[in-house]
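1. only geometry, no sequence info:
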Ligand code: MN
């Protein structure tokens, strides 16, 4: 199933890798390098899922997530945090902030797309 995905990530190499892996599987990918740009793009493109970095300049990922989850339409889009904060408790912090999922960096290119597709599938089943 082809999906539209939005990546909010400030590191160009990470954006490139995620986009490469996802477009390779036929998904349509949009990239934003800051939270505010990501929020604007989310409204514009209404993605099926958002991949959100937590360590972002200007506005961190938790703040972006709060904005997403307070928005009447955007709050329905599943958000998967993709973050290198390896400290224990960070996963819970992301889930508490409203994320549907959490993928740790560095990502594993062999399993990353599969993980993302699991979250897409889960959100589809939730709608039905
Ligand atoms: Mn970052």
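-> Done, it's in. Everything quoted here is computed from the prediction, not taken from an experiment. Numbering: from 1, shown residues only.
2. check the offset of the longest helix seen in the chain from the chain's centre.
-> The longest helix of the chain (DSSP state H) is helix 112-127. Offset of helix 112-127 from its chain centre (CA atoms, centre = their mean, to the nearest Å): 12 Å.
3. do stretch 20-28 as well
-> Using CA atoms, centre = their mean, the offset of stretch 20-28 from its chain centre is 14 Å.
4. give me the beta-bridge partners of the most centrally placed residue in the chain?
-> The centroid of the chain falls nearest to residue 51 when counting by CA atoms, centre = their mean (1.2 Å). Counting by DSSP bridges, residue 51 forms beta bridges with residue 7, residue 80.
5. wait, it sits on residue 116?
-> Yes: at 7.1 Å, residue 51 counts as touching residue 116 under the criterion of CB atoms under 8 Å. Every C-beta, even on glycine, is put in place using the N, C-alpha and C of the backbone.
6. my guess is residue 14 contacts residue 51. True?
-> No: with contact defined as CB under 8 Å, residue 14 does not reach residue 51; the gap is 9.8 Å.
7. so what sits against both of these two?
-> In terms of CB atoms under 8 Å, 6 or more residues apart in numbering, residue 14 and residue 51 are both contacted by the residues residue 82.
8. any idea how far residue 11 lies from residue 125?
-> Computed as CB to CB, to the nearest Å, the residue 11 to residue 125 distance reads 32 Å.
9. kindly report the same for residue 114.
-> Residue 114 is 17 Å from residue 125, by CB to CB.
10. tell me which helix or strand residue 29 sits in.
-> Using DSSP states H and E, the element containing residue 29 is strand 28-32.
11. sheet partners, orientation included, of that strand?
-> Under the rule (DSSP bridges), strand 28-32 has strand 4-8 (parallel) as partners.
12. helices and strands around the next helix or strand after the strand it pairs with, which ones?
-> For strand 4-8, the succeeding helix or strand toward the C-terminus, using DSSP H and E, is helix 12-24. Under the contact criterion of 3 or more CB pairs under 8 Å, 6 or more residues apart in numbering; DSSP states H and E, helix 12-24 touches strand 4-8, strand 28-32, helix 112-127.
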